[in-house]
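Asker: Here's my sequence, what's the structure:
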Amino acid sequence: MASHAVASHAVVDRAIGAIVGPGRMTPEGGRTVLKEVSPHTDIELRDVAEPILLRGRGGRMPDGIRAEPEDAVDRHGPTRTPGAPPPERRPPE
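Answerer: Next comes the predicted model:
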């Protein structure tokens, strides 16, 4: 069980790194994004992290969560103007 927990932690950490780079946010902000997407999609944190890594390697994210990480980055990233309304949700591709 301990090795599974370590592997899960590693997947989450790598996904945070994938969010932090293009999202221009801190690792804490990346973790906030993952923690927000998980309950919004009703998918465990590790299972949200895996498709983010897949997308970073040129793969395609599942339809059920594709827009959620981008929307969360928009809400928490530094590119959002303080006090501005959240951006409109993008339609699935």
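Asker: How much space separates the spatially closest residue to residue 41 that is not a sequence neighbour from residue 14?
Answerer: Excluding its sequence neighbours, the residue lying closest to residue 41 (CB to CB, 6 or more residues apart in numbering) is residue 65, at 4.7 Å. C-beta coordinates here come from the backbone N, C-alpha and C atoms, glycine included. Residue 65 is 17 Å from residue 14, where distance means CB to CB, to the nearest Å.
Asker: now swap in residue 40 and tell me
Answerer: Residue 40 sits 21 Å away from residue 14, taking CB to CB as the criterion.
Asker: in the protein, which spans are helices?
Answerer: Counting by DSSP state H, the chain has helices at residues 2-23, 27-41, 45-56, 67-76.
Asker: still on that earlier bit, between residue 65 and residue 14, which has more neighbouring residues?
Answerer: A side-by-side neighbour count of residue 65 and residue 14, using other CB atoms under 10 Å, places residue 65 first with 18 against 15.
Asker: ok, the more buried one touching residue 51?
Answerer: Yes. Using CB atoms under 8 Å, residue 65 is in contact with residue 51, at 6.4 Å.
Asker: just to revisit the earlier point, show the model's pLDDT score for the residue nearest to residue 41.
Answerer: With respect to pLDDT, residue 65 scores 77.
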